[in-house]
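Colleague: whatever this is, show me its structure:
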Amino acid sequence: MAANRDQAGEWAARDLLSVPPRWVEGDSAKALSGFTDASFDYIFTCPPYHNLERYSEHPDDLSSMTWARFERAYRAIVAESARCLAPDRFSTWVVGDVRDSAGRVRGLVPLTISAHRAAGMHLHNDAVLLNVIGTAAMRLPAQWRVSRKMGRIHQYVLTFVKGDGKRATSALPPFT
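Modeller: Reported below is the predicted structural model:
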């Protein structure tokens, strides 16, 4: 969080922020319900990738849910975030895919896109974020030999628009 605040300070010093950002941390299902419709100008999130990393054993923690329950909760969170987003604005979700216990890809990226569509938003941009390879180069040959599964060293940056993309763009400060 400190790095985010430092970067916001740098942006403000360069007149790249019309208003200071407000970070909302916590359980999205609960936190979003406290906001009125259209109260956000932008949403940026990197939600849990189902159970790839376990954050707690709490039953309402997305990382401890079954896939079916995760999918329902995730769709509800996307819908709530869309409700909170002002018209003609953007929302960016950084997501990666995960596998089930049998090694099959779950489809978190298509779920994210589908949930946004159901909430009235559309995919505006996508990008691949390459992570540091780290130890993947050492782990992957053995994984490939036994399963023909590639390791993931990337995430997807999905930007959605609520309303019109051109109006959403014109609502932003000028790009310099």
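Colleague: just checking: what are the partner strands of the longest strand seen in the chain?
Modeller: Looking across the chain with DSSP state E, the single longest strand is strand 85-95. Taking DSSP bridges as the criterion, strand 85-95 sits next to strand 40-45 (parallel), strand 154-162 (antiparallel) in its sheet.
Colleague: and the ones you listed, which is most packed in?
Modeller: Comparing the strands paired with strand 85-95 by mean neighbour count (mean count of other Cβ atoms under 10 Å), strand 154-162 ranks first with a mean of 20. In this view, the C-beta of every residue, glycine as well, is placed from N, C-alpha and C.
Colleague: need the CA coordinates for that strand. PDB is fine.
Modeller: Extracted in PDB, the C-alpha atoms of strand 154-162 (Å, rounded to 0.1, in the frame of the first residue of the first chain):
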ATOM      1  CA  HIS A 154       1.900 -14.300 -16.600                       C
ATOM      2  CA  GLN A 155      -1.300 -12.600 -15.600                       C
ATOM      3  CA  TYR A 156      -4.000 -10.900 -17.600                       C
ATOM      4  CA  VAL A 157      -4.800  -7.200 -17.300                       C
ATOM      5  CA  LEU A 158      -8.400  -6.800 -18.300                       C
ATOM      6  CA  THR A 159      -9.900  -3.300 -18.500                       C
ATOM      7  CA  PHE A 160     -13.700  -3.000 -18.800                       C
ATOM      8  CA  VAL A 161     -15.800  -0.100 -19.600                       C
ATOM      9  CA  LYS A 162     -19.200   0.800 -18.200                       C
END
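Colleague: related to what we said a few turns ago, pLDDT averaged over the longest strand of the chain - what is it?
Modeller: Mean per-residue pLDDT for strand 85-95: 97.
Colleague: packing partners for the helix or strand just after it?
Modeller: Scanning forward in sequence from strand 85-95 by DSSP states H and E, the next helix or strand is helix 108-118. Applying 3 or more Cβ pairs under 8 Å, 6 or more residues apart in numbering; DSSP states H and E, one finds that helix 108-118 contacts helix 67-84, strand 85-95, strand 122-130, strand 154-162.
Colleague: wait, which of these is closest to residue 176?
Modeller: For the helices and strands packed on helix 108-118, distance to residue 176 was read as Cβ to Cβ. The smallest value, 18.5 Å, belongs to strand 85-95.
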